[in-house]
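1. Next input, structure requested:
(one chain, ligands or ions: 1)
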Amino acid sequence: MDDPVLRLDKICKAYNVGLSSETKVLHDIDLTLKRGEFLALMGPSGSGKSTLLNIIGLLDRPTSGHLFIKGQDTALLNDAALTRLRGHTIGFVFQDHHFISAFTAVENVLMPLLVDREFAGPDIVKKANALMARVGLAKVADNRAMNMFGGQQQRVAIARALAMSPDLVLAEEPTGNLNTQSANSVFDLMREVNRESGTTILMVTHNLELAKRCDRIVDVVDGRITA
Ligand SMILES: Nc1ncnc2c1ncn2[C@@H]1O[C@H](COP(=O)(O)OP(=O)(O)OP(=O)(O)O)[C@@H](O)[C@H]1O
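-> Purely as a prediction, here's the structure:
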């Protein structure tokens, strides 16, 4: 049977505050993402969306509960194995893209392929250029990413997230800084990628109009899934 890309089983997260107390931020989160799904994660500020995204992105560990990626229980993996799994399975698109400022757009897309020995090979430049074409930026691939418009930068970030052909893309407010037209066009691109290549996408957003165009909306309120 095909395992879901992601399955969360009773995920809880508490942060230590001072020496003796802790704040519980996530409570018994159960969530399954099937291959090819495009899910919108919504919820008020402080409800725990970023905390959940960090756990799903294997950047942080839950306090309790289990996170399965393609059937693999990540609680059983050490940090090196988690890093490898993250690199090969998950792409990230954030509001703040952390581009390397001295690099062109296509060089930023190339970076993840260059640093992973298992991917490095003669075709990676071709792949990076194909990704730039895929996101509609072939003509400006050699411009500095830092000098581009917001919508273009977000397209570069999407191309970079797709470089390792991830099963799952996590996008945190990917259209948050954009005007309505750019936001729609960046969302359209993500929708196309999702439909064409079957990449599973989880997008945190405050934009209800865009969320409605996803396959499913999940609301997080006070660290619990409510809908
Ligand atoms: N490292 C930390 N230590 C202690 N408390 C934290 C830490 N990180 C987050 N929190 C708390 O956890 C709660 C959830 O925060 P989180 O950033 O996950 O919410 P969010 O839904 O992503 O909010 P926003 O939409 O504003 O980004 C908040 O009350 C926050 O103050």
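
2. do stretch 191-205 and the ligand meet?
-> No: using CB under 6 Å from any ligand atom, stretch 191-205 stays clear of the ligand, with a minimum separation of 7.1 Å. Every C-beta, even on glycine, is put in place using the N, C-alpha and C of the backbone.

3. what's the distance between M203 and R213?
-> Per CB to CB, to the nearest Å, M203 is found 10 Å from R213.

4. Between the two, which has more neighbouring residues?
-> When M203 and R213 are compared for neighbours, M203 comes out ahead with 25 against 14, by other CB atoms under 10 Å.

5. Which helix or strand contains that one?
-> strand 200-204 (DSSP states H and E).

6. Just the CA coordinates for that strand, please, in PDB.
-> Taking Å, rounded to 0.1, in the frame of the first residue of the first chain, the C-alpha atoms of strand 200-204 are listed here in PDB:
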ATOM      1  CA  THR A 200       2.200  17.400  -2.000                       C
ATOM      2  CA  ILE A 201       2.000  20.900  -0.700                       C
ATOM      3  CA  LEU A 202       1.200  22.300   2.800                       C
ATOM      4  CA  MET A 203       0.700  26.000   2.800                       C
ATOM      5  CA  VAL A 204       0.300  28.200   5.900                       C
END
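
7. What's the first helix or strand after that strand?
-> For strand 200-204, the following helix or strand on the C-terminal side (DSSP H and E) is helix 208-212.

8. Summarise which helices and strands that following helix is packed against.
-> strand 38-42, helix 180-197 (3 or more CB pairs under 8 Å, 6 or more residues apart in numbering; DSSP states H and E).
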